[in-house]
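Undergrad: Below is the sequence, then the predicted model.
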Amino acid sequence: MNLPKLSFEFFPTRTPEGRAKQVFTRKQLSQYSPDFFSCTSGAGGSTREGTMQTIKDIISEGTAAAPHLPCIGMQPQEVVALLNEYKNIGVRHIVALRGDIPSGMGAGTDGMFYANELVSLIKNEFSNHFHVEVAAYPEYHPQARSAEDDLNNFVRKANAGADSAITQYFYNADAYFRFVDDVQGRGVDIPIIPGIMPIASFSKLTRFSDTCGAEIPRWLRLRLQSYADDTASIKALALDVVTEMCGRLLREGAPGLHFYTLNQAGLVSTICQRLGY
């Protein structure tokens, strides 16, 4: 049986040691024949050099690379210049994002402001050279005014020409399936790939989740809290929960899985192996 494709996200490292470790991590994850490795990029180009180097490394290792491109505050000509750089080194896949709004930036500020603008620009300037991936939020974007508003934002990105989407991580598969049904009801049928965050640390998970608006189900939060500093029990429970959720997602039609690795291979590899990859 052909299993759906996997993909894995990394973030740029600041040191030669970190870069070497990431090369080793990607080598471990390459055994799962990933569709691509993506690399995050800080808003306003704050990690652009590191992102570019990571993307070059990935391509040199023989795997397709997908740089994140946050457009907030960027001029269209600046975006086109960066995309030409990526095109010239062999990139065919872009994760098109708005990015985090810098402090004090308002809607009247010069430059691009919405991800659908970025998608339109990429398609207008480069036609179908780039496969354009956008973000989706099954539990709704934390800055959305309402669930309806968030769904409409996603539909705008899809209608602008997005080829597929990757979701924010979640621990409730029903939220994913409801989101897919909702956008399909609005005429959107692009593949929506679940984003998966393995759980290594309860404190880190709560910090990430509070920032990005991902919900930790109450039962899971209480179970994890009950283990206190027992990291072995936390990891064992978390592996079971996340693997079971991934299995259900794949059984019920998810087109693939995208793992937020945090530059670590261990938990991701265990989940992939348990799923039969």
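TA: Sure thing, it's come through.
Undergrad: measure the closest residue to Cys39 other than its chain neighbours to Glu9 for me?
TA: Setting aside the residues directly before and after it, Cys39 is nearest to Thr54 in space (C-beta to C-beta, 6 or more residues apart in numbering), at 4.4 Å. Glycine gets a C-beta too; all of them are placed from N, C-alpha and C. According to C-beta to C-beta, to the nearest Å, Thr54 stands 11 Å off from Glu9.
Undergrad: Quickly list what's touching both of the two.
TA: Cys39 (C-beta atoms under 8 Å, 6 or more residues apart in numbering).
Undergrad: out of those two, which sits in the busier spot?
TA: Between Thr54 and Glu9, counted using other C-beta atoms under 10 Å, the more crowded position is Thr54 (26 against 22).
Undergrad: Which residue ranges of the chain form helices?
TA: For the chain, applying DSSP state H gives helices covering 16-29, 48-60, 76-88, 115-126, 147-159, 173-184, 202-212, 218-226, 231-251, 266-274.
Undergrad: So which bits of the last one are buried?
TA: Applying a neighbour-count criterion of 16 or more other C-beta atoms under 10 Å, the buried positions in helix 266-274 are Leu267, Val268, Ser269, Ile271, Cys272.
Undergrad: ok, Val242 touching Ile196?
TA: Yes: under the criterion of C-beta atoms under 8 Å, Val242 makes contact with Ile196 at 6.6 Å.
Undergrad: what do those two both touch?
TA: Common contact partners of Val242 and Ile196 (C-beta under 8 Å, 6+ apart): Ile271.
Undergrad: The two: which is more packed in?
TA: Between Val242 and Ile196, counted using other C-beta under 10 Å, Ile196 has the larger neighbour count: 25 against 22.
Undergrad: beta partners of the more buried one?
TA: Listed by DSSP bridges, the beta-bridge partners for Ile196 are Phe259.
Undergrad: Let's see the pLDDT reported for it.
TA: Here, the pLDDT recorded for Ile196 equals 98.
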